[in-house]
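[1] this is a predicted model, with the sequence first.
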Amino acid sequence: MERAPTRIASCDAIRPQSELRSSRPPQAGEVKYPSVVVAKQHNAILIHSLDEAAVQAGLSIGLPLANARAICPELTVFDADEVADRKTLEDIADWCDRFTPLVALDPPYGLFLDITGCAHLFGGERALLQIVSGALSRRGFAVSAAIASTSICARTLTRQTSGKIIAEGEEAEAVSPLPVSALGAGDAITAGLRRAGLKTIGDVASRGRHEITARFGAPFTTLLQQALGQGDAPISPRKPPPDYIVEKRFPEPVTTGTVIAMNLSALAQMLVTAMDKQGKGARRLEASFFRTDGAVRTISVDTGRPVTKAEVIDRLFRERLDALNDPLDPGFGFDLIRLSASRTEIVVQQQRDLDANVHDNDELSALIDRIAARIGGKRVVVHLPEDTHIPERAVLSVPAQHHLAVAAQAAWPERIEGEPPLRPLRLFDKPEPIKVPFATVPDGPPHQFTWRRVTHAVVRVEGPERIAMEWWKPNGGGPTRDYFRIEDEAGLRFWIFRDGLYESEPADAEGEPASIRWFVHGLFA
């Protein structure tokens with residue numbers, strides 16, 4: 001089967017009109033002065049973007065602000081906000097996901113859309129380009145867009161004109177009349193090309209490749225070849241494409257929760273049917289809701305086992321939607337709802353009629369999935385034993401959804417019959433310091449200690465249990481510990497340790513003897 005030729009759309013929406021920068025709309029009869037956005041570059045304040053009035057006044061991007069004020073004294077100036085601009089570009093990219101899942105950022109203010117094989121869903125490439133440009137223009141952006149077989153060719157066209165659609169094989173003819181600055185190779189290379197008398201891309205292409213490479217470097221030669229359509233420049237999508245996608249478009253936006261839930265359930269059934277054909281189940285699901293005003297809300301759920309039933313998917317998303325701190329606001333309505341499985345696994349068939357353990361594991365996994373959908377997967381954990389003798393590192397907390405099977409098979413140290421537990425029931429995350437006025441030297445227990453402003457008299461002691469730090473690991477060194485199981489006069493049992501050995505630990509960085517400190521690390525029942 002012959003592969004469809006690659007088609008890339010480049011969109012540039014860098015110049016918001018002056019109305020977006022103004023704090024209030026213009027009044028009747030009010031004169032609107034040219035507006036520019038400035039940013040500091042190379043220790044100079046330069047024009048970063050400008051509106052049409054500023055262009056007509058003779059200003060351009062890159063012009064110093066002082067020169068701009070000399071040309072146009074009534075100029076309105078705004079400071080650039082790179083963080084806000086990046087957020088706006090991300091929002092536009094989210095909105096463009098409705099056309100293709102392969103959307104890439106072209107910083108600082110451009111986008112690439114890989115529309116290979118999907119333009120016909122929107123009436124063709126011309127109609128798709130008009131939809132994107134029209135929607136952004138209505139939101140106050142001066143938009144420039146083009147479509148070509150390579151991303152560099154499309155971007156080169158976008159920087160000089162708008163609305164161009166170049167067929168495969170016609171890239172060189174389309175970009176040849178354009179100035180060399182459209183390649184975006186940098187000021188130094190552009191100036192060097194002009195000094196050499198090469199003012200257009202066609203002039204550069206007419207010279208030998210080895211000449212261009214010797215003078216301007218191999219990266220520029222590669223850039224030129226891609227602009228001429230003679231090389232491939234694949235884009236890097238901002239999100240990995242999901243394994244399966246199903247979606248529902250509405251001729252009239254939907255706003256009611258009942259209709260949204262009903263369509264989400266129908267999409268879940270479609271998704272399960274598509275996965276079942278290849279024997280797969282979903283491990284991560286994402287539901288995206290596209291509003292008519294361009295806002296996009298995405299909700300995701302993870303599962304502990306591959307999901308193959310639509311009712312399970314429906315139940316998980318209902319739990320997730322009910323637990324949202326910020327409810328799903330439809331605004332003026334959703335015109336597109338998409339359900340995707342971004343991570344899937346092959347379903348392993350198991351005997352389920354006679355094996356009670358399999359049923360128990362399925363019910364436990366389903367319960368964990370529902371709890372995780374409501375409060376978050378990182379808050380539902382299981383504990384795994386670690387091969388270390390350091391108490392605070394002996395247990396590893398991991399998400400239960402992804403490690404339930406491993407936790408069920410984990411081998412924990414068995415308790416010796418008839419002996420008291422070696423480790424406390426409650427182990428503190430961080431040992432808490434205690435005050436010990438005196439203790440038996442060199443390795444004896446304290447006679448009393450103060451913890452949380454309460455003094456405890458020691459009546460029974462078990463120990464010491466000496467534990468040395470793992471000096472062979474990075475950042476694993478430290479003083480040796482002597483642990484004691486202590487019981488006070490009230491019957492409370494503590495697990496305390498001395499951090500360091502008397503007259504045996506090395507000196508500190510200043511050559512002074514290392515101080516000996518005491519800590520309580522846990523409480524027995």
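    Cool, got the structure.

[2] ok, the closest residue to residue 365 other than its chain neighbours - how many residues close by?
    Leaving aside its sequence neighbours, residue 365 sits nearest to residue 304 (CB to CB, 6 or more residues apart in numbering; 4.3 Å). In this view, the C-beta of every residue, glycine as well, is placed from N, C-alpha and C. Applying other CB atoms under 10 Å, we find 24 residues neighbouring residue 304.

[3] now residue 304: which helix or strand?
    strand 296-307 (DSSP states H and E).

[4] quick one: the helices in the stretch 201-350 of the chain?
    Assigned by DSSP state H, counting those that start in this stretch, the helices in the stretch 201-350 of the chain fall at 201-205, 209-216, 218-227, 257-276, 310-322.

[5] which of those sits closest to residue 424?
    helix 310-322 (35.7 Å; CB to CB).

[6] quick check: angle from that closest one to helix 257-276?
    Compare the direction of helix 310-322 with that of helix 257-276 by axes from the mean of the first three to the mean of the last three CA atoms, to 10 degrees and you get 140 degrees.

[7] thinking again about what came up before, residues in contact with the residue nearest to residue 365?
    365, 368-369, 400-402, 404 (CB atoms under 8 Å, 6 or more residues apart in numbering).

[8] and if you look at residue 322?
    Counted by CB under 8 Å, 6+ apart, residue 322 has contacts residue 374.

[9] tell me how many other residues crowd residue 124.
    The number of residues packed around residue 124, counting by other CB under 10 Å, is 12.

[10] where does the stretch 101-250 of the chain have low pLDDT?
    For the stretch 101-250 of the chain, no stretch has pLDDT under 70.

[11] just the strands in it please.
    103-106, 110-114, 141-148, 164-165, 244-254 (DSSP state E, counting those that start in this stretch).

[12] same list (those strands) but as a markdown table, adding distance to residue 221.
    As requested, the strands of the stretch 101-250 of the chain are exported to a markdown table (distance: least, CB to CB, whole Å):
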| stretch | distance to residue 221 |
| --- | --- |
| strand 103-106 | 21 |
| strand 110-114 | 22 |
| strand 141-148 | 19 |
| strand 164-165 | 24 |
| strand 244-254 | 38 |
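
[13] turn the ones you listed into JSON lines, columns for mean neighbour count and distance to residue 428.
    Conversion of those to JSON lines gives the following (neighbours: other CB atoms under 10 Å; distance: least, CB to CB, whole Å):
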{"stretch": "strand 103-106", "mean neighbour count": "20", "distance to residue 428": "45"}
{"stretch": "strand 110-114", "mean neighbour count": "25", "distance to residue 428": "51"}
{"stretch": "strand 141-148", "mean neighbour count": "23", "distance to residue 428": "56"}
{"stretch": "strand 164-165", "mean neighbour count": "20", "distance to residue 428": "66"}
{"stretch": "strand 244-254", "mean neighbour count": "14", "distance to residue 428": "46"}
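
[14] closest to residue 38 out of these?
    Here strand 141-148 is closest among the strands of the stretch 101-250 of the chain (CB to CB), at 17.6 Å.

[15] so that closest one versus strand 110-114, what angle?
    Going by the same axes, to 10 degrees, strand 141-148 makes 40 degrees with strand 110-114.

[16] helix, strand or coil: sort out the closest residue to residue 478 other than its chain neighbours for me.
    Distances taken as CB to CB, 6+ apart put residue 469 closest to residue 478, at 4.0 Å, once the chain neighbours are dropped. Following DSSP: H, G, I helix; E, B strand; the rest coil, the label given to residue 469 is coil.
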